[in-house]
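**Q** Here is my input; please provide its structure:
(one chain, ligands or ions: 2)
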Amino acid sequence: MPAPSVTPYDALLVCSFGGPNATEDVVPFLRNVVRGKGVPEERLEQVGEHYFAFGGRSPINEQNLALRAALSGELQRRGLDLPVLWGNRNWHPYTVDTLRDAHAFGARRIIVLVTSAYASYSGSRQYREHLAAAVAELDAETGGAGLEIDIIRPFFNDPGFVDANTAAVLRAVEELPAGEGLHIAYVTHSIPDTMQDASAVTGPGYREQHEDVRSVIDAALRERGLEVTSSLSYCSRSGDPRTPWLEPDVNDHLAELAESGVRRVVIAPIGFISDHMEVAWDLDTEAMETARELGLHAARAATAGVAPEFVGGIVDLVLERAARERGEDPEVVVRGDLPAFPDVAPPGSCRMRHGEVTGIPVLAGPAD
Ligand SMILES: CC1=C(CCC(=O)O)c2cc3nc(cc4[nH]c(cc5[nH]c(cc1n2)c(C)c5CCC(=O)O)c(CCC(=O)O)c4C)C(CCC(=O)O)=C3C
Ligand SMILES: [Fe+2]
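**A** Residues are numbered from 1 along each chain as shown. Ligands and ions are numbered 1, 2, ... in the order given. So this is what the prediction gives:
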């Protein structure tokens with residue numbers, strides 16, 4: 001077996017959503033996020049209040065810095081020489097600025113970790129539109145920067161991600177008092193039904209990807225003798241209230257669970273990789289309060305964050321892709337029943353945003 005190598009890459013870019021750092025950032029950040037999206041003003045004001053309640057500061061930036069440091073540490077531990085960079089879609093440091101610096105320092109070929117585990121318009125195609133725009137902007141500035149960018153495939157079924165989530169659910173179960181009626185409420189970000197349908201055109205859809213992870217974690221719990229029931233519900237719905245989004249909402253769902261005799265519940269945010277605002281507000285603040293009001297014992301499972309399994313899995317994915325780019329045929333390991341997503345998805349996948357087909361240029365990459 002050849003020695004692990006990051007060739008042909010010059011850098012790993014962590015490409016994330018971004019979030020405000022201070023009160024005065026909140027409104028311009030939100031404007032960036034919803035530009036052209038038709039999110040009603042009342043919803044924006046509501047979400048603004050969530051950020052203001054946290055002093056105008058999203059936890060997401062510190063979490064991405066921690067992830068960058070953990071990835072750097074793991075690469076160094078394995079003797080791999082690959083700088084790790086960070087850039088965002090919606091707030092500083094913007095991807096284009098990070099890429100401009102990387103290019104000035106001589107980077108030409110960059111592998112990108114998009115910080116969404118699941119493929120859908122929001123979690124994959126939109127990042128590819130964003131990266132294409134950044135590369136085009138640099139090309140225009142430099143008369144052809146010649147940056148080549150590859151994106152790591154969606155990693156929802158990567159052993160590192162799944163194992164980190166399994167371990168987190170097990171720890172959360174231990175926080176609950178002993179007793180009957182244990183339910184694992186897996187939670188993810190809701191998306192419009194049209195976005196769900198589009199995610200399922202060329203491969204397993206967004207919901208189906210989550211169902212796959214749910215069944216792997218359930219099986220791991222049962223293997224340890226835990227009797228559980230489980231479900232998938234959704235948080236953070238946005239948009240026009242008349243537009244259908246994936247349901248049930250986690251709060252409504254908790255009420256149904258309490259009604260049906262569930263007494264102990266683990267809220268497992270498998271849709272998110274860190275405890276950013278959706279988790280801190282929609283789950284830790286709102287859903288946990290709902291659970292308390294319903295008299296449920298509830299514990300929130302940790303997100304993957306910088307769990308060693310997760311970080312190690314991402315480095316494995318970098319090595320896997322690098323090997324393929326060198327023309328080798330590396331082993332590909334997944335958990336669950338779904339296959340690994342292709343490096344470059346078939347044309348037409350995840351095209352639908354809110355019912356309209358987007359005509360925005362994209363980089364070749366996962367989910368299209
Ligand atoms: C699937 C999905 C993920 C999960 C995958 C992933 O992890 O990436 C995700 C993550 C995130 N979403 C985030 C923030 C926001 N998302 C919004 C709006 C929207 N999200 C959507 C989908 C998703 N979003 C959609 C379909 C919309 C409607 C508008 C549109 O079509 O795009 C809005 C506008 C206000 C509102 O209406 O909520 C905000 C502020 C943050 C940062 C949090 C922080 O600051 O800590 C993160 C990580
Ligand atoms: Fe979002």
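
**Q** List phi and psi for the residue lying closest to T115 once chain neighbours are set aside.
**A** Spatial nearest neighbour of T115, chain neighbours left out: S16 (4.2 Å); criterion: Cβ to Cβ, 6 or more residues apart in numbering. C-beta here means a position set from N, CA and C on the backbone, and glycine is covered the same way. Backbone geometry at S16, expressed as degrees, to the nearest 10, gives phi -130, psi -170.

**Q** same thing with V228?
**A** Here is the backbone geometry of V228 (degrees, to the nearest 10): phi -130, psi 150.

**Q** The residue nearest to T115 and ligand 1: what is the separation?
**A** Taking Cβ to the nearest ligand atom, to the nearest Å as the measure, S16 falls 7 Å from ligand 1.

**Q** ditto for A167
**A** A167 sits 20 Å away from ligand 1 when distances are taken as Cβ to the nearest ligand atom.

**Q** these two touch, right, that residue and A307?
**A** Yes. A167 is in contact with A307 according to Cβ atoms under 8 Å; the separation is 7.1 Å.

**Q** still on that earlier bit, the residue nearest to T115 touches L85, doesn't it?
**A** No. In this structure S16 lies outside contact range of L85 using Cβ under 8 Å: 11.3 Å.

**Q** Let me know whether stretch 205-217 sits next to ligand 1.
**A** No. Stretch 205-217 does not reach ligand 1 (Cβ under 6 Å from any ligand atom); its nearest approach is 7.4 Å.

**Q** Can you give me the buried ones in that stretch?
**A** 205-207, 209-214, 216-217 (16 or more other Cβ atoms under 10 Å).

**Q** Stretch 312-325 now?
**A** Neighbour-count burial for stretch 312-325, counted by 16+ other Cβ under 10 Å, picks out 312-323, 325.

**Q** any weak-confidence spans in this protein?
**A** For the chain, the stretches flagged by pLDDT under 70 are 1, 351-359, 364-368.

**Q** Name the nearest residue to the residue most central in space within it, sequence neighbours excluded.
**A** The centroid of the chain falls nearest to S116 when counting by Cα atoms, centre = their mean (2.2 Å). Counting by Cβ to Cβ, 6+ apart, S116 lies nearest to G123, which is 3.3 Å off, once chain neighbours are set aside.

**Q** one step back: would you list the buried residues of stretch 312-325 in CSV and tack on secondary structure and distance to E148?
**A** Listed next are the buried residues of stretch 312-325 as CSV, based on DSSP: H, G, I helix; E, B strand; the rest coil; distance: Cβ to Cβ, whole Å:
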residue, secondary structure, distance to E148
G312, helix, 26
G313, helix, 24
I314, helix, 20
V315, helix, 21
D316, helix, 22
L317, helix, 18
V318, helix, 15
L319, helix, 18
E320, helix, 18
R321, helix, 13
A322, helix, 13
A323, helix, 17
E325, helix, 10
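
**Q** Nearest to ligand 1 among the residues you listed?
**A** I314 (14.6 Å; Cβ to the nearest ligand atom).

**Q** so who does the closest one touch?
**A** Counting by Cβ atoms under 8 Å, 6 or more residues apart in numbering, I314 touches 71, 113, 152, 155, 158, 160.

**Q** Pull out the buried positions in stretch 13-31.
**A** 13-21, 25-26, 29-30.
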